[in-house]
Structure formats: structure tokens, C-alpha cells
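Enquirer: My questions concern the predicted model and sequence given below.
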Amino acid sequence: MDSLVFLRDLAIILLVAKVFGILARKLHAPEVVGEILAGLLVGPALLGLVDQSEFISQMAEIGVIFLMFEAGLGTDMKKLKQTGAKATAIACAGVFVPIIMGTILFMSFYGWGTFGSEQMLKGLFIGTLISATSVSITVAALKEIGKLSGTIGTTIVSAAIIDDVIGIIVLTFVLSAKGSDTNVWVIVLKAIAFFALAIITGFVVYKVFVWLDKRYEHTRRIPIAALVYCLVMAYVAERYFGIAEITGAYVAGVVLCNLHDAKYVERKVDVSSYMVFAPVFFAGIGLKVSFDAMDSKLLIFSAAFVLVACLAKIIGCGLVARICKFKGNDALKIGVGMMTRGEVALITAQKGLSMGFITPEFFTPVILLILVSSIVAPILLKKMFASHPTD
């Protein structure tokens with residue numbers, strides 16, 4: 001095999017993603033939608049020009065880390081404090097409503113089980129699977145329309161981060177019920193420990209960056225140091241605490257968001273993200289799609305799976321947002337913003353496969369959910385903000 005094939009693959013992805021991104025923008029859709037469709041076109045589902053190689057996967061992972069770091073840097077701390085309690089309530093609904101609806105959906109298709117039975121556990125796993133939120137695509141869409149640091153954008157990102165932590169805990173409970181040797185309370189304590197460590201070390205890191213910022217204002221060493229901190233936090237979160245690396249990246253951005261040079265750092269990071277890593281991430285979603293194992297029953301289940309998964313987030317998060325005094329249109333925006341799924345759902349599906357909860361063909365509905373939610377949510381958000389402008 002040609003050892004330089006990754007260069008060809010990268011060139012194809014960047015070219016087609018950019019062309020489709022421009023076409024999407026001309027059609028008044030977010031660029032990320034075009035980039036996802038570009039991956040679908042050049043991937044195994046259609047033309048088969050590019051495979052989902054380890055190199056592409058790693059580039060995509062860097063892309064999502066950069067996106068979440070930028071989201072953290074663009075956070076308005078005052079609005080984050082204002083939305084904290086509301087975001088927690090929204091996140092809880094965003095986990096438990098999909099779990100209930102997903103469990104009922106699975107057992108409606110594949111048989112009802114008694115309480116505590118393996119069939120019910122499989123249903124609970126499917127519910128847990130669709131409770132995962134991946135806010136990376138929403139972040140990119142909100143950033144494109146200039147709403148990332150507003151009240152709605154901050155609430156969505158905050159709720160998604162909390163959703164991630166709750167989802168990890170719930171997943172661990174479900175895995176433990178099937179006989180996993182994972183200790184639930186160890187996972188809970190690790191999550192608490194990570195955020196405690198982030199707060200303590202974040203205070204010290206922020207003071208160091210304030211000193212650097214005064215001494216070397218608007219120099220490239222500041223963005224480089226910030227990016228190093230982001231990557232370290234992403235690694236530590238995943239490797240030592242079992243928290244998704246994107247959460248570590250977002251927390252790193254939040255720690256540095258009040259720096260005088262925060263916008264300068266964000267612009268520098270955005271150059272690499274926009275040119276290379278983000279297009280590879282979004283195209284990578286399309287690359288994962290394959291229809292080889294599809295039959296009639298799985299096709300019907302996949303359609304119902306996508307519909308239920310999307311509605312569960314909109315209903316759960318949107319309803320609680322309305323209870324939390326958000327206006328009707330704003331509550332709906334939050335529900336739609338929480339609808340996207342991505343790498344967290346894929347990781348959860350992979351874990352379920354290894355534990356025997358699902359078989360390989362169930363990856364098809366998961367990929368379709370990621371694809372549909374990733375395309376529909378940005379389009380809806382753009383239209384909703386255009387027709388009902390808000391902060």
C-alpha cells in the first residue's frame with residue numbers, strides 16, 4: 001500500500017469539503033452541512049475515494065478539540081454564571097427523556113423484557129446511546145451566525161458539557177448492571193476530581209497567562225502556550241479521569257476566556273482549525289456512513305431511531321428550557337441546539353458492541369443519526385435565529 005496515500009486523502013477531503021462548504025453557504029445553509037455531505041460523497045457510502053483511516057480519525061479528533069477550545073475562549077463568564085443552574089436542569093432532561101424514549105423504541109421493535117432482564121438492559125443501552133450530545137457542530141453553526149457567546153449559545157454549550165458528565169455516569173451504571181467490573185462510584189469521583197483539579201490548576205494557569213499576556217502582548221507565544229494547555233487538558237481529561245477530551249478542551253478555553261488577548265488567541269487557533277482540522281472533522285462524519293448491512297427491518301428501525309432521538313432532545317431540553325423562563329422560540333432553539341450527535345455516540349456504540357449490548361449492524365442507525373442531526377440542526381438554528389433574532 002502507498003505509504004503516502006494519506007496526503008492524497010487529505011487533499012481530496014479539503015478540496016471537496018471547501019467546494020461543498022461554499023455551495024452550502026450560497027444556498028443559505030451553514031458551511032458545516034456542506035462539509036459533512038462532502039465526506040458522504042467521497043467516502044465508502046458513495047464514491048469510495050477516501051477511507052476512514054487512523055490518520056483521518058486523528059486529524060478529525062484534533063479538529064473537534066480545536067472547535068471546543070475556541071468555544072471555551074469565546075465564553076462570556078457572566079452569562080455562563082447566569083445560565084449555570086438552568087443549563088444543569090436542561091442537561092438532566094436531555095439525558096433522561098432520551099433514555100426513556102430510546103428504551104421504549106428498542107423494545108417495541110425487538111421485544112419487551114421484564115425489569116432487570118437482558119432485553120431491558122439492551123433497551124436502556126440504546127436509550128443511553130441517544131442521550132449523548134455532541135455540541136461541536138452546534139458550536140460551529142452558532143459561531144458562523146455570531147451567536148456562540150450569547151445567552152442561548154452559552155446555555156447550549158454549558159448544558160452539553162454537563163450532559164456529557166451525566167451521560168458518562170449513566171452509561172457506567174448500565175454497563176455495571178450487565179456485569180462489568182467498572183466501579184460506578186469511581187467514575188463519579190473521577191468526574192468530580194477532574195472539575196476540582198480544573199478549578200484549582202485553572203486559577204494558577206490563568207495567573208501565569210495574565211503575566212505572560214502583559215509581558216508578551218499580541219505575540220505568537222501566547223497562542224502557542226494556550227494551545228499546549230488545551231491539548232494537555234484534553235489528554236488529562238480522557239486519559240486519567242474518563243471525561244471526553246472535548247470537555248477538557250472546552251474547560252481550558254473557559255479558563256483563558258477572560259484574558260486580554262483571548263480574542264487574539266481564538267483568531268490564531270481558528271486559522272488552523274478553519275483551514276485543515278475542522279473540515280476533516282466534519283467530512284469524517286460522512287466518511288463513516290455505510291449502507292452495506294441495511295435490511296428492511298433495520299431500515300425502519302433506523303428511521304424511527306433518528307426521529308425519536310431528535311425529538312427526545314427537542315422535547316426534553318426545550319420543555320425544561322421553557323420551564324426555566326426562556327421564551328418559546330428561545331427554548332426551541334436550545335432543544336434543537338442539543339439535538340446533534342457525534343463522536344460521543346460513536347464511542348458509546350463501540351463500548352456497547354464490545355460489551356454485547358448491540359451487534360455491528362446497529363452502527364448504521366447511529367451513523368445516520370449523527371449525519372441527519374448534524375445536517376438538520378445547523379440549518380434549523382440558522383433559520384430560527386434569522387426569523388426570531390435573539391441574544
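Expert: Noted; the coordinates are in hand.
Enquirer: need the longest helix for the protein.
Expert: When the chain is parsed with DSSP state H, its longest helix is helix 77-110.
Enquirer: Now do the buried residues in that one.
Expert: With burial defined by 16 or more other CB atoms under 10 Å, the residues of helix 77-110 counted as buried are 79-80, 83, 86-99, 101-103, 105-107. Bear in mind the C-beta positions are built from the backbone N, C-alpha and C, glycine included.
Enquirer: cool, stretch 39-58 as well?
Expert: Buried residues in stretch 39-58, defined by neighbour count with 16+ other CB under 10 Å: Gly39, Leu40, Leu41, Val42, Gly43, Pro44, Ala45, Val50, Gln52, Ile56.
Enquirer: ok, and the closest non-adjacent residue to Leu129?
Expert: Among residues not flanking Leu129 along the chain, Thr348 sits closest, at 5.1 Å (CB to CB, 6 or more residues apart in numbering).
Enquirer: One more: Ser373?
Expert: Using CB to CB, 6+ apart and skipping residues adjacent in sequence, the residue nearest Ser373 is Thr340, 4.8 Å away.
Enquirer: How is that neighbour assigned, secondary-structure-wise?
Expert: coil (DSSP: H, G, I helix; E, B strand; the rest coil).
Enquirer: Need the per-residue pLDDT for it.
Expert: Thr340 is assigned 86 on the pLDDT scale.
Enquirer: Against which helices or strands is the longest helix of the chain packed?
Expert: Under the contact criterion of 3 or more CB pairs under 8 Å, 6 or more residues apart in numbering; DSSP states H and E, helix 77-110 touches helix 118-131, helix 151-177, helix 296-323.
Enquirer: Dump the ones you listed into TSV; add mean neighbour count and distance to Ala331 as well.
Expert: Shown next, in TSV, are those (neighbours: other CB atoms under 10 Å; distance: least, CB to CB, whole Å):
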stretch	mean neighbour count	distance to Ala331
helix 118-131	24	19
helix 151-177	23	10
helix 296-323	20	4
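Enquirer: For Gly253, find the nearest of those helices.
Expert: helix 151-177 (10.0 Å; CB to CB).
Enquirer: got the angle for that closest one vs helix 296-323?
Expert: Helix 151-177 and helix 296-323 are oriented at 130 degrees to each other (axes from the mean of the first three to the mean of the last three CA atoms, to 10 degrees).
Enquirer: tell me the average confidence for helix 151-177?
Expert: Helix 151-177 shows a mean pLDDT of 78.
Enquirer: what's the answer for stretch 23-38, then?
Expert: Taken as a whole, stretch 23-38 has an average pLDDT of 82.
Enquirer: Spell out for me which residue occupies the centre of the protein.
Expert: Ser134 (1.9 Å; CA atoms, centre = their mean).
Enquirer: Grab the nearest non-local neighbour of that one.
Expert: Once flanking residues are discounted, Ser134 sits nearest to Gly342: 2.8 Å by CB to CB, 6+ apart.
Enquirer: OK, contacts around that neighbour?
Expert: The neighbourhood of Gly342, defined by CB atoms under 8 Å, 6 or more residues apart in numbering, consists of Val64, Ser134, Ser136, Ile137, Ile285, Ile370, Ser374.
Enquirer: The helices and strands packed on helix 77-110: which one's closest to Lys263?
Expert: Closest to Lys263 of those is helix 151-177 (CB to CB; 15.9 Å).
Enquirer: Past that closest one, which element shows up next along the chain?
Expert: Next in sequence after helix 151-177, counting helices and strands by DSSP states H and E, comes helix 184-215.
Enquirer: Please name every helix or strand in contact with that next one.
Expert: helix 151-177, helix 221-241, helix 245-256.
Enquirer: Save those helices as JSON lines, and put in distance to Lys325 too.
Expert: Shown next, in JSON lines, are these (distance: least, CB to CB, whole Å):
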{"stretch": "helix 151-177", "distance to Lys325": "12"}
{"stretch": "helix 221-241", "distance to Lys325": "32"}
{"stretch": "helix 245-256", "distance to Lys325": "24"}
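Enquirer: So for Leu332, which of those sits nearest?
Expert: Smallest distance to Leu332 across the helices and strands packed on helix 184-215 (CB to CB): 10.3 Å, for helix 151-177.
Enquirer: what helices or strands is that closest one leaning on?
Expert: Using 3+ CB pairs under 8 Å, 6+ apart: helix 151-177 touches helix 77-110, helix 118-131, helix 136-144, helix 184-215, helix 245-256, helix 328-337, helix 343-355.
Enquirer: Just put these in CSV and tack on mean pLDDT and distance to Pro279.
Expert: Listed next are the helices and strands packed on helix 151-177 as CSV, based on pLDDT from 0 to 100; distance: least, CB to CB, whole Å:
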stretch, mean pLDDT, distance to Pro279
helix 77-110, 87, 28
helix 118-131, 86, 27
helix 136-144, 79, 11
helix 184-215, 88, 29
helix 245-256, 88, 17
helix 328-337, 91, 22
helix 343-355, 71, 16
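Enquirer: Format the ones you listed as CSV; extra columns: distance to Ala312.
Expert: Listed next are the helices and strands packed on helix 151-177 as CSV, based on distance: least, CB to CB, whole Å:
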stretch, distance to Ala312
helix 77-110, 4
helix 118-131, 6
helix 136-144, 16
helix 184-215, 23
helix 245-256, 22
helix 328-337, 10
helix 343-355, 13
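Enquirer: What residues of stretch 225-233 count as buried?
Expert: Ala225, Ala226, Leu227, Tyr229, Cys230, Leu231, Met233.
Enquirer: Tell me how far the closest residue to Asp270 other than its chain neighbours lies from Ala141.
Expert: With CB to CB, 6+ apart as the criterion, Asp270 has its nearest non-adjacent residue at 6.1 Å, and that residue is Glu70. For Glu70, the distance to Ala141 equals 13 Å [CB to CB, to the nearest Å].
Enquirer: now do Thr390
Expert: 15 Å.
Enquirer: higher neighbour count, those two?
Expert: Ala141 (28 against 14; other CB atoms under 10 Å).
Enquirer: Much appreciated, bye for now.
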